[in-house]
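Undergrad: Sequence first, predicted coordinates after that:
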Amino acid sequence: MSAGLMPKFTGSGRQLAEATMATRWIIEPLTSRDEIDAVLAIEEASFTSPWTREMYLAEFDNHGVSYFYLARGLNRDIVGFCSFWRILDELHINNLAVAPAHRRSHAATELLNRVLEDGAKLGAKRATLEVRRSNEPAQQLYERFGFAVAGVRRDYYSNPVEDALVLWREDLS
Ligand SMILES: CC(C)(COP(=O)(O)OP(=O)(O)OC[C@H]1O[C@@H](n2cnc3c(N)ncnc32)[C@H](O)[C@@H]1OP(=O)(O)O)[C@@H](O)C(=O)NCCC(=O)NCCS
């Protein structure tokens, strides 16, 4: 899809979803531990210090706090994921990644649309996440969703050591 059909964020997640038009990805919750292998493969291809199976299993079992969505192709293959916590009226996005072969096809956009919309339904009024200072693709994506830099955590990341930018998006509903 051309950038012309994907305007910069000016309203709700629903409006952005509508602007996306033809949907190529199916977004649905993770429902089975068996799917964590596919998540781990994408995690390991995406991050220098990937979360482990145990960390993901702990998320899967943290009902009522931790939520986990998958992006699937029409053949049901898992191409991306996003996990978040809902803490009172805040949504904390913990992880978002798309398999390298499927990037730049709006899988992350559709994941974020769904996560922000469902997070708002759960009572979240604002959303936050951390991103490496050098991670311009992710920063561009988050900017489109109305996230703005609110602070810096010095040397937050390792391998390599790098600052985290702390982003917030207000007015989720
Ligand atoms: C960041 C990431 C999740 C984006 O996933 P994606 O499915 O490729 O993103 P989308 O196709 O939905 O991109 C939406 C918009 O984000 C921006 N964007 C995404 N990737 C970009 C890139 N490589 N360069 C510049 N802008 C980019 C663009 O504005 C893009 O819109 P456009 O393609 O219409 O121009 C993916 O690159 C990834 O998994 N990276 C490694 C893991 C990671 O960094 N996760 C985030 C941790 S905070």
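TA: In hand now; what should we look at? Residues are numbered from 1 along each chain as shown.
Undergrad: what residues does this protein put near the ligand?
TA: 3, 6, 46, 96-98, 103-109, 129, 131, 135, 137-138, 140-141, 144 (Cβ under 6 Å from any ligand atom). In this view, the C-beta of every residue, glycine as well, is placed from N, C-alpha and C.
Undergrad: Please spell out the PyMOL selection for the buried subset of these.
TA: Command for PyMOL that selects the buried part of the residues of the chain next to the ligand, burial taken from 16 or more other Cβ atoms under 10 Å:
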select buried, resi 46+96+97+98+105+106+107+108+109+129+131+135+138+141
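Undergrad: Tell me where the protein has strands.
TA: 26-29, 66-72, 78-87, 90-98, 126-132, 148-157, 162-169 (DSSP state E).
Undergrad: okay, those strands in TSV with mean pLDDT next?
TA: Converted to TSV, the strands of the chain look like this (pLDDT from 0 to 100):
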stretch	mean pLDDT
strand 26-29	97
strand 66-72	97
strand 78-87	97
strand 90-98	98
strand 126-132	98
strand 148-157	98
strand 162-169	98
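Undergrad: Serialize those to TSV and add fields for distance to residue 38.
TA: Compiled in TSV, the strands of the chain are given as follows (distance: least, Cβ to Cβ, whole Å):
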stretch	distance to residue 38
strand 26-29	13
strand 66-72	8
strand 78-87	4
strand 90-98	11
strand 126-132	22
strand 148-157	25
strand 162-169	27
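Undergrad: If I look at residue 20, what pLDDT would I see?
TA: Residue 20 carries a pLDDT value of 50.
Undergrad: And for residue 173?
TA: pLDDT, residue 173: 78.
Undergrad: Once you drop chain neighbours, what's closest to it?
TA: residue 120 (4.6 Å; Cβ to Cβ, 6 or more residues apart in numbering).
Undergrad: Just give the closest residue to residue 45, not the sequence neighbours.
TA: Residue nearest to residue 45 in three dimensions, not counting chain neighbours: residue 100, with 5.7 Å by Cβ to Cβ, 6+ apart.
Undergrad: what does stretch 151-166 contact?
TA: Here stretch 151-166 makes contact (Cβ atoms under 8 Å, 6 or more residues apart in numbering) with 48-49, 128-134, 139, 149-150.
Undergrad: For those, work out which two are farthest apart.
TA: 48 and 150 (24.5 Å; Cβ to Cβ).
Undergrad: Give me the buried positions along the top helix by length along the chain.
TA: The longest helix of the chain (DSSP state H) is helix 107-121. Using 16+ other Cβ under 10 Å as the test for burial, helix 107-121 gives 107-120.
Undergrad: Let me have those residues in JSON lines, adding pLDDT as columns.
TA: Formatted as JSON lines, the buried residues of helix 107-121 follow (pLDDT from 0 to 100):
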{"residue": "107", "pLDDT": "98"}
{"residue": "108", "pLDDT": "98"}
{"residue": "109", "pLDDT": "98"}
{"residue": "110", "pLDDT": "97"}
{"residue": "111", "pLDDT": "98"}
{"residue": "112", "pLDDT": "98"}
{"residue": "113", "pLDDT": "97"}
{"residue": "114", "pLDDT": "97"}
{"residue": "115", "pLDDT": "98"}
{"residue": "116", "pLDDT": "98"}
{"residue": "117", "pLDDT": "97"}
{"residue": "118", "pLDDT": "97"}
{"residue": "119", "pLDDT": "97"}
{"residue": "120", "pLDDT": "97"}
